[in-house]
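1. Here you go, sequence then predicted model.
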Amino acid sequence: MALLEMASVTKQFGGLTAVSNVSFSVGEREIVSMIGPNGAGKTTAFNCITGLYPVTSGRVLFDGTRVDGQPPHRILRFGIARTFQNIRLFSYMTATDNVMVGAHWWMKERVWDGAFKTPRGRREERDIEQMALELLDALGLGDRAGSYARELPYGLQRRLEIARALATRPRLLLLDEPAAGLNPQEKNELMALIARMRDEGLTIFLIEHDMSVVMGISDRIIVLDHGEKIAEGPPAEVRENKRVIEAYLGSGASQEARTA
Amino acid sequence: MQKRTVGLLSVSGAILVAAVSACGTSSSSSPSASSGGGGLASCKGTISVATDLPLTGGDATDGPFPQRGAQLAVEQANSNHTLGGCTLNYTSKDDSSVAQNGHDPAQGAQNMTALAQDPSVVGVVGPFNSSVALTEIPVASQNHLAMISPANTNPCLTVALAVCSDPTVNIPTNSLYKGPHTYFRVIATDNDQSQILAYIATKVVNATKAYVIDDQQAYGHGLAVLFAKYYQADGGTVVGNASLPSNTKTFATQMSDAQSKGAQLIFFGGTSGDGCGLVRRDMGAAGLNLPILGGDGCQDEKFITDANSGSKTTQAEGSQATSAPDVTKLSSSTAFYAAYAQRFASDPKPYNDAKNEPYSPYGYDAMNILIQAIKTALTSNGGQPPSDSTKFRDAVVSALRNTAWDGALGHTTFDSNGDTTNTGFTLYKVASGAWTGVNTYAVDTSGKVSVKS
Amino acid sequence: MNNETEPAAEPAPRAVGAQVATPYRLVSEEGLAPRAPTGGGAAARRVLPAFRAAYGFTSQYFPAILLVAIALTILGVYHSGGLTLMGQQVRNALVLGAIYALIAIGYTMVYGIIELINFAHGDVFALSGFYAIVIAEALGLDKLATSGLGGLLVALIVLFTLSMIAAGLTGMLIERVAYRRLRDAPRVAPLITAIGVSFLIEGFLLVFFGPDNVATNKANWITGNAFSAGGVAVGFKDIFVVGIALVLMFALGAFVRGTKLGKAMRSTAQDRAAALLCGININRTIALTFFIGSALAAAGAIVYSINYGDVQWNLGFRLGIIAFTAAVLGGIGNIVGAGIGGFLIGIIYVFGGSLAGGEWAESLIFAVLVLILTFRPVGLFGIDVGTRA
């Protein structure tokens, strides 16, 4: 059964239709990429899934439960975490604190635990901090745990965002252009990381422009253009799809895509 | 509503008087007019007087009292036939405006112009506020119209004291009306009060170093500046001063300052609402065991409540303030308060009792003095109103200059500036939680202060 | 080469505009000519860089300059009145500063989280003062507090708890009713609403408690001198005021830094959407911020009631504006900055007033506000402290 299912989802902004009657599904432990030219509605689709935008019509199902119309913080609790196209870390908090915010919703600490520093609250704070440090370590951020997020180099900020998303204990991880701005070595590390997360049981759904990444790791690719789904299938199939090549890659770029 | 009725009344009054004076000229040789030198019984017609006071908005608790006092004086004069065969027509003007939510100098000037244009009007009681007087005095004076204020205490309205040129004092000298003015007042000025206060500070309290605080308001700041001037003239030293916003809630900084400068007396120019009692309270908190002296703005219940609101609940004890003598306690005022209570018994509270506000006897005396002057003017013209309204007005003004009236406030005469010589101020002291009168002081025109009996 | 001669021939037909022999030139040849820098005479060219340098210097070293100015003022007071006066004024400044600090924190927290200058905050402070009066009267706390040390402690704990809860709920109510729906509106809309709420509270207090000072009956709760050093008598009350403020400020700092809700507040302040997608309930977090800010204002109001003995309906306006200046001085949005800013403003108010005359005290504070906004709009500590919430 599909973990995430989009059923005829449409999102309109006034007269503009950003996502038009799109249906697809993402199965458990799958790595699915969504591609399409700028303005195709990819990020809008992400925002519809995470609840930042209410959908105009259609349904979003997660593990069989309807999640559209729920507030974002509640959708997250179903197990959908995400990162952003332009990194949105809490710049004036340390890397550790950023990760600890991710643990916010499942922490048992109550207002009074925090206000009066109860032993229970303190113990939990300590445990979560330990968890955060381990997570940072595993992602190669161990020695920068105490740095403010904004002081980290770009590549590490991307990874910190993933760490924060992982701290929310997701089943599905949405990555919005995770490879943007990374150098080739960092891209390889990213692909390894995505593969590792999938191997550990996570489902990954990503938006990406970088064809080497998309073709390298995806089980399936969904192509959007002008808010409509124009193709879907395994990488080998999509890269040969005429409509995709014409509408999205263009005749000149098709060569580039093939060689990548 | 009230204003409109008043307007109609004054118009009809004007028509009536115009008719009367027309008759007067045509029948000047009639026997009744020529017979009997100053025979008031033969007087014919209606003579108009008016009040100009703030009656609405924020001043609704002030102006209506002297207005009723003045109205009572007119009604008594009419029923007693004080002017013989002539009757008084009374007009009430309101110098409040909606824009100012209370007294408005522009509205006052407009009212005074309307009254001056009306030839039947020979005198006006008002205004209440010194700022309104400033715009009205030129209008009235140029039109020979007498005005008697029941409540203006700013000395700079009539005398160009050196202190008046202090730009922080409300009414600077350069706005003083230069021509011969027709303005009088039945209330002593802040100048009189501050001379008395300086005398008390130096001669009664025996303090040679004073720390002066005021509330930045026209009254309080003016009083503080005047006090400092006379205090220094009397040999005292002002070791420090502070002019603080009227809603200041703590004076701890100033108390430390006063302590370090060795002050022997704290003077406060202002009202209890603006911190007089709080200064006394903070003196206690700072351990400053000094006398405090203030003007009439401090001499009220609120001072005691505020002063005792600190840790020491008897902090108000021994505080001193001068205030105009309590008119309600004067034997001369008994008849007035009784008559007021009877006449306005059906009015809503608090207007049904003159004792709820200090200025009604001032309005009453001012109007009586005006009526007396009209009577003198009529008598000297053979008991008839002079045909020329300007001549009539001039006669009233010159009669006012020679006023000697025993009224609710005691004996009133005017000095050459039009200010009352009835300048008594009583020194009060807090004893056993209440203000208790100590002595009454008066100041003469040469500035000499003496204890009044 | 040819191009150089052609333009010289051109101006005539262009000026006349009758003959259209040559095609119209798109590029003005005057524009192509090399030119000397324009604007400003020699004097301006000399003065402007100096001016810019002075501005840059002042803005870079603003905190140091301000601290030096404050130190000089304190020395001036020492010079004019000796150690005793200086000591007394330090005491006065700390007491005043503690109250400003408690109010300033509320301003800064709300600004930090929703970028709203909550003009109603000062009035919540005044309202809390009246809550304290009503609560103390209803429970007979005034009598209890003066009965002995034990009674005083019980009365203080009860009064602080109940008043802070009442004020906190009021703050949450204000946020829910007046600000939540305007959260994504242009910023001037909630700002004007805040002013409206401010008037509403003031009007309410005026109608219910009258225009005069209202005695709080708490001035005699704490009395007596703790110690006296060199002519400076420090009362238990002074210690209480400053102590309460410091304790609450440090407790808040620890809460914001070290707890999950504190982190939720900070993350919401820094990126609302990202916080939302980390599973944080934004509405609840913002409501909590208003609760804490208003509760601290209530603590300030109780401290004020005990220290000064009366409150007035319009108390919040002036104190609020001064506390707002303190928040801006510390860097609006910065909690630690607001606390320090409150004490600095207290020092400027008292020492500046002592030296220049009390009538200048407030002018000095607002002059400082203008200087900060000119030279250092981010405040002394900016937002770079990691406590923004």
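-> That came through fine. Given the structure is predicted, the values throughout are model-derived calculations rather than measurements.

2. Domain map for chain B?
-> Chain B breaks down into these structural domains: B:33-187+B:329-412, B:190-323+B:425-451 (assignment by automatic domain parsing).

3. export the ones you listed to CSV and tack on mean neighbour count, mean pLDDT and distance to residue C:33?
-> (Glycine included, C-beta is placed from N, CA and C.) As requested, the domains of chain B are exported to CSV (neighbours: other CB atoms under 10 Å in any protein chain shown; pLDDT from 0 to 100; distance: least, CB to CB, whole Å):
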stretch, mean neighbour count, mean pLDDT, distance to residue C:33
domain B:33-187+B:329-412, 21, 88, 58
domain B:190-323+B:425-451, 22, 88, 62
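
4. so which of those domains comes closest to residue C:305?
-> Between residue C:305 and the domains of chain B, the shortest gap by CB to CB is with domain B:190-323+B:425-451, which sits at 10.4 Å.

5. and that closest one with chain C, contact?
-> Yes: applying CB under 8 Å from any CB of the partner chain, one finds that domain B:190-323+B:425-451 is in contact with chain C at B:213, B:216, B:241-245, B:247-250, B:252-254, B:256-257, B:259-261, B:273, B:278, B:281, B:285-287, B:302, B:305-306, B:309-311, B:313.

6. Let me see the contact set for the closest residue to chain B within chain C.
-> As assessed by CB to the nearest CB, chain B sits closest to residue C:358 within chain C, at 3.3 Å. Contacts were defined as CB atoms under 8 Å, 6 or more residues apart in numbering or on different chains; by that measure residue C:358 touches B:213, B:242, B:243, B:244, B:248, B:253, B:254.

7. Chain A contacts on the stretch 151-300 of chain C?
-> C:251, C:254-255, C:258-264, C:266-267, C:270-271, C:273-282, C:288.

8. Mind giving me the ChimeraX select for those residues, buried ones only?
-> Remark: buried members of these, expressed as a ChimeraX selection using 16 or more other CB atoms under 10 Å in any protein chain shown:
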select /C:255,258,259,260,261,262,263,264,266,267,270,271,274,275,276,277,278,279,280,281,282,288
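
9. Beta-bridge partners for the closest residue to the residue of chain C closest to chain B other than its chain neighbours, please?
-> Nearest-residue entry for residue C:358: residue B:242, 3.3 Å, with adjacent residues in sequence omitted and distances by CB to CB, 6 or more residues apart in numbering or on different chains. Partner residues in beta bridges with residue B:242: residue B:213, with DSSP bridges as the criterion.

10. Can you give me every residue that contacts residue B:242?
-> B:212, B:213, B:214, B:254, B:257, C:353, C:357, C:358, C:359.

11. Mind listing what's buried along the helix or strand harbouring residue C:46?
-> Mapping residue C:46 onto the secondary structure by DSSP states H and E places it in helix C:42-60. Buried residues in helix C:42-60, defined by neighbour count with 16+ other CB under 10 Å: none.

12. Which neighbouring elements make contact with it?
-> helix C:361-375 (3 or more CB pairs under 8 Å, 6 or more residues apart in numbering or on different chains; DSSP states H and E).

13. Let's see the helix it packs on as PDB, backbone CA atoms only.
-> What follows is the C-alpha trace of helix C:361-375 in PDB, where atoms were taken according to Å, rounded to 0.1, in the frame of the first residue of the first chain:
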ATOM      1  CA  ALA C 361      15.200  63.200  32.700                       C
ATOM      2  CA  GLU C 362      12.600  62.000  30.200                       C
ATOM      3  CA  SER C 363      13.900  64.200  27.400                       C
ATOM      4  CA  LEU C 364      17.300  62.500  27.900                       C
ATOM      5  CA  ILE C 365      15.700  59.000  27.600                       C
ATOM      6  CA  PHE C 366      14.000  59.900  24.400                       C
ATOM      7  CA  ALA C 367      17.200  61.600  23.100                       C
ATOM      8  CA  VAL C 368      18.900  58.300  23.800                       C
ATOM      9  CA  LEU C 369      16.100  56.600  21.800                       C
ATOM     10  CA  VAL C 370      16.700  58.900  18.800                       C
ATOM     11  CA  LEU C 371      20.400  58.300  19.000                       C
ATOM     12  CA  ILE C 372      20.000  54.500  19.100                       C
ATOM     13  CA  LEU C 373      17.700  54.600  16.100                       C
ATOM     14  CA  THR C 374      20.100  56.900  14.200                       C
ATOM     15  CA  PHE C 375      23.400  55.200  15.000                       C
END
